[in-house]
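Enquirer: This is a predicted model, with the sequence first.
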2 protein chains.
Amino acid sequence: MPTHYQGAPEEVRAFDALVKLTRAANAVNSRLDALFAEAKLSTSQFGVLEALLHLGPLCQKDLAAKLLKSDGNLTMVVGNLEKRGLVTRTRDPQDKRLLNVQLTVAGRRLIRSLFPRHAANVAAAFAALTPAEQETLGKLCKKLGLAQADA
Amino acid sequence: MPTHYQGAPEEVRAFDALVKLTRAANAVNSRLDALFAEAKLSTSQFGVLEALLHLGPLCQKDLAAKLLKSDGNLTMVVGNLEKRGLVTRTRDPQDKRLLNVQLTVAGRRLIRSLFPRHAANVAAAFAALTPAEQETLGKLCKKLGLAQADA
DNA sequence: CGCATATTGTTTGATGTTGAACTATTTAGG
DNA sequence: CCTAAATAGTTCAACATCAAACAATATGCG
């Protein structure tokens, strides 16, 4: 049902793995998004709040690196969070190029209330696999992911 | 390097698998995007052209289902392809609600020239894993993906 | 010191993305 | 038949996303 591609065996095999990998990632992440939507947060917004909760205040450059998003994008995502009073941006006195982003009281309260449910969702999503299967999946994905760097 | 989350063991294990799964999917798909960018095609646009090549003319509803995108979205993606003369939209005479999307000569030529290189890219991306590993990865992803349906 | 270069963030323009409201058409039940 | 419900697309608002051009600041080298 993916693309019935008639090609070399290694291509057919790789296509099959690609389709399943992509669908699994989408399915799991879509499931997790339901919780974010409850709090009217986008995936990226949740990611920013989570990073700030667990790593403390960060500048936008670091946030972008953490979330694997472009810097131009972070301006908007953080901007929308700031509008809602969930984070503040303060110019770094040492290096005035930097904007330190940190949680407000409301932001901290929100992410702290959401995170335990998020963690439970992640565990529930992966409960379809045994612990050994999860570790195998993790190993294979890591190997696959790292190999793309030098492509 | 993911989130150093201190939680129940099954949550930590699931988080680890989630991060690696998501990163692998992103890394592979980013790598594949490079070819699409060469032809100034977005991932979705390439997906539409590929589906039309291998499955023949389709209405937008079917395309949306194939690509796992919203119907509203397909209006734009197909519209942009139509602007470039790569596809045409024709109203179905039997059921006037349907718009049949099909490749133009230029569209067919483009996707046929791109696809072999795409297939080679997919195979190269997965060459980091042995055939057996690719099948294991596929099986685990399928199991994981299907389990999210009833969440 | 003083300028060339690098770094951080913003802006802009194009595309993608969704969900909801809306139109047109078809289908089904009474 | 004829109207109610379902279906296919479009449009819209909001947000995401990137790349590229840009401004402001910092750093380093002569």
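Expert: Thanks, I have the structure now.
Enquirer: Which residues of chain A lie near DNA strand D?
Expert: A:42-45, A:68-73, A:76-77, A:80, A:94-97 (Cβ under 7 Å from any atom of the strand). Where C-beta positions appear, they are placed from N, C-alpha and C, glycine not excepted.
Enquirer: Filter those residues down to the buried ones and express that as a PyMOL selection.
Expert: To isolate the buried members of those in PyMOL, using 16 or more other Cβ atoms under 10 Å in any protein chain shown:
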select buried, chain A and resi 44+45+77+80
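Enquirer: Helices - which of the residues of chain A next to DNA strand D land there?
Expert: A:43-45, A:71-73, A:76-77, A:80 (DSSP state H).
Enquirer: Which of the residues you listed sits closest to chain B?
Expert: A:T43 (10.5 Å; Cβ to the nearest Cβ).
Enquirer: which residues touch the closest residue to A:D71 other than its chain neighbours?
Expert: Leaving aside its chain neighbours, A:D71 sits nearest to A:A64 (4.8 Å; criterion: Cβ to Cβ, 6 or more residues apart in numbering or on different chains). For A:A64, the contacting residues are A:70-71, A:73-74, by Cβ atoms under 8 Å, 6 or more residues apart in numbering or on different chains.
Enquirer: near DNA strand C, from those residues?
Expert: A:71, A:74.
Enquirer: Just send the contacts of A:A64 back as TSV, with pLDDT too.
Expert: Supplementary listing: the contacts of A:A64 in TSV, determined by pLDDT from 0 to 100:
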residue	pLDDT
A:S70	95
A:D71	93
A:N73	95
A:L74	97
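Enquirer: Of the contacts of A:A64, which is the nearest to B:A128?
Expert: Nearest to B:A128 among the contacts of A:A64 is A:S70, at 25.9 Å by Cβ to Cβ.
Enquirer: List the single closest residue to that closest one in space, sequence neighbours excluded.
Expert: Using Cβ to Cβ, 6+ apart, the closest residue to A:S70 is A:A64 (6.5 Å).
Enquirer: And A:I111, by the same measure?
Expert: A:L49 (4.1 Å).
Enquirer: Secondary structure element holding the one you found?
Expert: According to DSSP states H and E, A:L49 maps onto helix A:43-55.
Enquirer: Report the buried residues of that helix.
Expert: A:44-53.
Enquirer: Next, the contact list for the residue nearest to A:I111, please.
Expert: A:41, A:81, A:86-87, A:103, A:107, A:110-111, A:114.
Enquirer: Which pair of the residues you listed spans the longest distance?
Expert: So, these by Cβ to Cβ: farthest apart are A:V87 and A:L114, at 14.6 Å.
Enquirer: Spell out which residues of chain A are next to DNA strand C.
Expert: A:59-62, A:64, A:71-72, A:74-76, A:78, A:89, A:97-99.
Enquirer: let's see it at 10 Å
Expert: A:26, A:30, A:33-34, A:37, A:42, A:58-65, A:70-79, A:82, A:89, A:91-92, A:95-101 (Cβ under 10 Å from any atom of the strand).
Enquirer: relative orientation of the helix or strand containing A:V28 and helix B:9-38 in degrees?
Expert: Using DSSP H and E, A:V28 sits within helix A:9-38. Between helix A:9-38 and helix B:9-38, the angle comes out at 120 degrees (axes from the mean of the first three to the mean of the last three Cα atoms, to 10 degrees).
Enquirer: and helix A:9-38, what other elements does it pack with?
Expert: Packing partners of helix A:9-38 (3 or more Cβ pairs under 8 Å, 6 or more residues apart in numbering or on different chains; DSSP states H and E): helix A:43-55, helix A:105-126, helix B:9-38, helix B:105-126, helix B:131-147.
Enquirer: Turn the ones you listed into CSV, including mean pLDDT.
Expert: Output for these, formatted as CSV (pLDDT from 0 to 100):
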stretch, mean pLDDT
helix A:43-55, 97
helix A:105-126, 96
helix B:9-38, 94
helix B:105-126, 96
helix B:131-147, 97
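Enquirer: In JSON lines, list those along with distance to A:L18.
Expert: Below are those laid out as JSON lines (distance: least, Cβ to Cβ, whole Å):
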{"stretch": "helix A:43-55", "distance to A:L18": "22"}
{"stretch": "helix A:105-126", "distance to A:L18": "21"}
{"stretch": "helix B:9-38", "distance to A:L18": "7"}
{"stretch": "helix B:105-126", "distance to A:L18": "6"}
{"stretch": "helix B:131-147", "distance to A:L18": "9"}
